[in-house]
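In: Build the 3D model from these lines:
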Amino acid sequence: MKESPIGIESIGVYIPKERHTAEYISKMSGTPVEIIKTKIGMKSKAVPGPHDHTVAMGVRAAKIAIERAGIDPANDIDLVIWAGEVHAEHPMQTYGIKFQGDIGATKAWAFDVNQRCGTVVVAMMLAKSLMQTQGYKRVLIGSGYRNSDLIDYSNIRTRFMHDLAASGVAMILTNNFPRNVVLEGSVISDGQFSEDVYVPAGGTIMPATCETIERGLHYLDVTDPEGLKKRLDKLSMQNFLKVVDESLEKSGYSRDDIDYLGLIRMKRSAFEYVANELGVHPYEQSTYFEEWGHMGQNDAIVSIEEGLKEGKITDGDLVVITAAGIGWSWNAMTIKWGPIG
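Out: As a prediction, the model looks like this:
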């Protein structure tokens, strides 16, 4: 029996108005402003305002997605998946359940999933599987991200993360919905990088104390920058290409079929390399975030939103979204945009 299509009924995006400019980041970090603007590829980045908490930003995006779909969250959503960050309102909260409550999805049940910047792709794969096996009609995926809080600009070891920013996104997946059909995803994770990037203090190994706060140990850090770069350079780009190829192949397509590539934000040279290797024009068939920075797992959904606004995505297009997260993971998902059949 042919499976019912799982389609994207709507998406929502919220980006705070607050900004850190390249000039400000240069002043705080010591990195020349031209390096930030050209090599890193960032004119500014979005940072949270006083009310832009992690789940709260996901809720703002979800309300947009719900309004666009024209549905009643109390009756029309069966499952809620929180795909946002664990750096959120309060430690040890179940953010998916808070998110569910804040949007009024009273009929649904909720859970959290996390793979850093790969989480939205993982959530889409889980949602599709659950919809196919459990028969759920609608699943809401939500995410908020403000890991910009965890960056100390004076720490040169984390310069490649100085573009971490803030936003909220949401996506409504609907069963037997023959539009914007979610095809197949691919994920690679590699545990050799699991101890390379983390916040040193605040966990069970180094509990929070006055000393850890005074020493600035509650920000992201890199344990071995040179070793990480050496090991990661050998794998990162090839794994990006591998997950895209696997996602395409499982979906019945190849690189030649890509119409739009929702690339995660990265330094400009890497962005252009991946796009060119996949046969995609980096600026005509993708979107580069110079003004907003890297919004983690939210990048792909923001890229779809911007691709639609700018007319880069139209009905009939094959869209591939990508991600890569510290830990390390690489992710891709293929979507057939517009009506099918």
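In: Quick one: mean pLDDT for the longest helix that the chain contains?
Out: With secondary structure taken from DSSP state H, the chain has its longest helix at helix 225-251. For helix 225-251, mean pLDDT rounds to 96.
In: List the buried residues of that helix.
Out: 225, 228, 231-232, 235-237, 239-241, 243-248, 251 (16 or more other C-beta atoms under 10 Å). Where you see a C-beta, it was placed from the backbone N, CA and C, and this is true even at glycine.
In: Following element in sequence after it, please.
Out: strand 260-262 (DSSP states H and E).
In: Parallel or antiparallel, which strands does that next one pair with?
Out: Sheet pairing of strand 260-262 (DSSP bridges) gives strand 318-325 (parallel).
In: residue ranges for the strands of this protein, please.
Out: 6-14, 19-21, 44-46, 79-82, 109-112, 138-145, 167-175, 179-189, 197-198, 221-222, 260-262, 318-325, 329-339 (DSSP state E).
In: Return the most buried member of those strands.
Out: strand 138-145 (a mean of 30; mean count of other C-beta atoms under 10 Å).
In: so what secondary structure elements neighbour that strand?
Out: Here strand 138-145 touches helix 54-69, strand 79-82, helix 95-103, helix 119-134, strand 167-175, going by 3 or more C-beta pairs under 8 Å, 6 or more residues apart in numbering; DSSP states H and E.
In: With distance to Leu140 and mean pLDDT as extra columns, can I get these in a markdown table?
Out: Conversion of those to a markdown table gives the following (distance: least, C-beta to C-beta, whole Å; pLDDT from 0 to 100):
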| stretch | distance to Leu140 | mean pLDDT |
| --- | --- | --- |
| helix 54-69 | 6 | 98 |
| strand 79-82 | 5 | 98 |
| helix 95-103 | 7 | 98 |
| helix 119-134 | 9 | 98 |
| strand 167-175 | 5 | 98 |
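In: Relative to Lys27, which of those is closest?
Out: strand 167-175 (23.9 Å; C-beta to C-beta).
In: and the gap between Lys309 and Asn180?
Out: Plainly put, Lys309 is 15 Å away from Asn180 if you go by C-beta to C-beta, to the nearest Å.
In: for Arg138, same thing?
Out: Counting by C-beta to C-beta, the gap from Arg138 to Asn180 is 14 Å.
In: Which residues are in contact with each of the two?
Out: Glu9 (C-beta atoms under 8 Å, 6 or more residues apart in numbering).
In: Tell me the bridge partners for the closest residue to Ile335 other than its chain neighbours.
Out: Spatial nearest neighbour of Ile335, chain neighbours left out: Val319 (4.5 Å); criterion: C-beta to C-beta, 6 or more residues apart in numbering. Val319 has these beta-bridge partners by DSSP bridges: Tyr260, Ile335.
In: residue contacts, Val319?
Out: 259-262, 304, 307, 313, 334-337.
In: got it, and Asp221?
Out: 155, 157-158, 197-200.
In: swap the cut-off to 7 Å and go again
Out: 155, 157-158, 200 (C-beta atoms under 7 Å, 6 or more residues apart in numbering).
In: Return the member of the residues you listed nearest to His20.
Out: Among the contacts of Asp221, Thr158 lies closest to His20 (C-beta to C-beta), at 14.6 Å.
In: right, and the closest one touches Leu228 too?
Out: No. Applying C-beta atoms under 7 Å as the test, Thr158 and Leu228 come out as separate, 11.0 Å apart.
In: Quick check: neighbours shared by the two?
Out: Contacts common to Thr158 and Leu228, judged by C-beta under 7 Å, 6+ apart, are Val222.
In: And the residue nearest the centre of the protein?
Out: Gln297 (1.2 Å; C-alpha atoms, centre = their mean).
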